[in-house]
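**Q** requesting a structural model of the entry that follows:
(chains A and B)
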Amino acid sequence: MAPNIRTESLTVSYRRTVVLRQISLEAVGGEVLALIGPSGCGKSTFLRALNRLVEETPGAHVTGRVFLGEMNIYSSAVDVTELRRRVGMVFQAPNPFPFSIFDNVAYGPRLRGVSDAAELRRIVERSLQEAALWDEVRGKLRRPALTLSGGQQQRLCIARALAVRPEVLLLDEPTAALDPVSTEKIEELVSNLRGRYTIVMVTHNLRQAARVSDRTAFFDDGSLVEVGLTRQIFTAPRDPRTEQYLTGRYFP
Amino acid sequence: MNQGRVLHWFALLVALGAAIVFLGLLTDTIREGLPHLTWQFLTTAPDERRGGGGIAPEIVNTVVMVGGALLVTAPLGLVVAIYQAEWQGRVHDGGVIDQVRATWLSVPSVVVGFIVYRVAVAWWHWPLSLATGGLALAVMNWPVMVTVSISALKRVPHAYREASLALGATRFDTVRRVVLPAALAELIDGWGWALARLAGESAALIITAGINVSAHWSVWGPGETLAVYIWYVRTEGVGADAGGVAAATALTLMMFIAVTLWLSGRLADWRRRAGH
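**A** Numbers count the residues shown, from 1 in each chain, chains lettered A, B, ... in the order given. From the prediction side, this is the model:
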């Protein structure tokens, strides 16, 4: 069962600029939680706080707590490597390594010491199937990943994230750089992964949020404005700012 | 005619003029040197008394000193570059290390030769030798290696590092398994360029490696390189064919550099294609 991921008064600042203020938000196990809001509102930073990737930015400072299941991921006892295995991430622009398709997917398992060729092949096939890319790349696993189309590259990145058997998937505008057909495939994939993984997805595409998410959270200027069932947020938002944003009349 | 076209023709004219002058200079060297450039010239030792002789020891000395200096400094430079680019966060101008590197890069090679002479020969009592010359080349080349390595590492997209870290790799793993393989083509290009540059060095080597070749070759014996030999023959050479020998040596050195650059370029391209 995919775990809940919950933040309590999460505040993130870069040097002196506060980019996230006191965010308390929970993604329930197995659901798709969409994060929407204007550019620069802190959605991506929120996502990066959930796997502690934010700490790789010089000058970043995090306060508050984040729980993956029962574990506070910012406690000093936590192994960041293991945390990031459990919380996978897919980025805005497809970023496969300049290696072969196979080596891309096998990267994570190899990091964890899997070296048996048959085992790696099994993991790669399973992950590619789960990311709905297997049929397109079967028999071409030795080809460079960068020869794939943008949409295929993004699904490869999802396969690469799935290969380490994560429990949570963080998707940072995964279709922002893709054409409509590829976008549709990724959305379909997200719908299929729903239930098996807890998915937190940042998107600028409101229709996408409406199509694939169970619940939606609206961020503005580093604060969480409101969160609720996607249907409720899109049909009857409680906060006027949300309504203005959804109807294209919001100018922060 | 619009301004762009005028500029275009002007630039073309200047480039053509430069090419003609360059070819003229080169033609003269080729005309003078080519008759001397025989198999025997490349495979025998110099013989001043009987006029000319070959440049075999100079070729060996060049390869040994330049290769040795590169073998020592390439990893050292890479380590410093990795520290600066991958751990120190970003390489910002004005940092002490960068200041030292920029200064060091600009120090005239004859000054580097002098300093290495003072330290290695006067204090440590190293002889004027291939080893001392190699040390001088290494001292000159280290900041170059850092610079070349930093620019290679900076050309690796940041997204690769993020993807790797997000999969639970440590920074060390990320550098070893992603950044270095992705930077290798650029690094090879840089190493080839540094090798070519070092092959032409003369001033520092005159001071540290001497201007003759030993009959008993050793890294602790004196040994001039091709570049030093050109200088020596042109200024001190007494043989009647000194001009021809110098020209032929220059041609050899040019070919050595051209082959080095060509090979490193091919190798880098091959690495580049492997990822795409």
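**Q** now whatever residue of the stretch 151-276 of chain B ends up closest to chain A: how far from B:A258?
**A** Using CB to the nearest CB, the point where the stretch 151-276 of chain B gets nearest to chain A is B:G275, with a distance of 3.0 Å. No exception for glycine: its C-beta is placed from N, CA and C like everyone else's. Taken as CB to CB, to the nearest Å, the spacing of B:G275 relative to B:A258 amounts to 27 Å.
**Q** more crowded one of these two?
**A** When neighbours are counted by other CB atoms under 10 Å in any protein chain shown, B:G275 comes out ahead of the other of B:G275 and B:A258, with 18 against 11.
**Q** that one contacts A:D103, doesn't it?
**A** No. At 10.3 Å, B:G275 does not count as touching A:D103 under the criterion of CB atoms under 8 Å.
**Q** helices of chain B, start to end?
**A** Remark: helices assigned in chain B by DSSP state H are B:3-33, B:39-43, B:56-82, B:96-106, B:109-116, B:130-154, B:158-166, B:171-174, B:180-199, B:203-208, B:226-236, B:242-275.
**Q** three-state assignment of whichever residue of the stretch 151-252 of chain A sits closest to chain B?
**A** When scored by CB to the nearest CB, the stretch 151-252 of chain A has A:V164 as its residue closest to chain B, at 6.4 Å. Under DSSP: H, G, I helix; E, B strand; the rest coil, A:V164 falls in the coil class.
**Q** next one: the one 5 residues further on
**A** Secondary structure for A:L169, judged by three-state DSSP, is strand.
**Q** about what we covered before: would you turn the helices of chain B into TSV with mean pLDDT and distance to A:K43?
**A** Converted to TSV, the helices of chain B look like this (pLDDT from 0 to 100; distance: least, CB to CB, whole Å):
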stretch	mean pLDDT	distance to A:K43
helix B:3-33	91	45
helix B:39-43	89	67
helix B:56-82	94	33
helix B:96-106	86	36
helix B:109-116	94	53
helix B:130-154	94	28
helix B:158-166	95	16
helix B:171-174	94	25
helix B:180-199	94	29
helix B:203-208	92	57
helix B:226-236	89	60
helix B:242-275	91	32
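**Q** could those be laid out in a markdown table, adding distance to A:L178?
**A** Formatted as a markdown table, the entries for the helices of chain B read as follows, by distance: least, CB to CB, whole Å:
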| stretch | distance to A:L178 |
| --- | --- |
| helix B:3-33 | 38 |
| helix B:39-43 | 59 |
| helix B:56-82 | 34 |
| helix B:96-106 | 40 |
| helix B:109-116 | 53 |
| helix B:130-154 | 27 |
| helix B:158-166 | 15 |
| helix B:171-174 | 26 |
| helix B:180-199 | 23 |
| helix B:203-208 | 55 |
| helix B:226-236 | 55 |
| helix B:242-275 | 22 |
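**Q** rewinding a little: what's the neighbour count on the residue of the stretch 151-252 of chain A closest to chain B?
**A** Residues near A:V164, counting by other CB under 10 Å, number 21.
**Q** so what's it up against?
**A** Contacts here follow CB atoms under 8 Å, 6 or more residues apart in numbering or on different chains; on that basis A:V164 touches A:R85, A:G88, A:G108, A:P109, A:L111, A:R112, B:L167, B:G168.
**Q** run a quick neighbour tally on residue 189.
**A** Here I'm looking at chain A. For A:L189, the tally of surrounding residues (other CB under 10 Å) stands at 20.
**Q** ah, I was thinking of chain B
**A** 21.
**Q** hmm, it is touching B:R266, no?
**A** No. Here B:D189 does not reach B:R266: they are 10.6 Å apart, not a contact under CB under 8 Å.
**Q** I'd guessed B:A81 sits against B:W142; true?
**A** No. Applying CB under 8 Å, one finds B:A81 not in contact with B:W142, separated by 10.9 Å.
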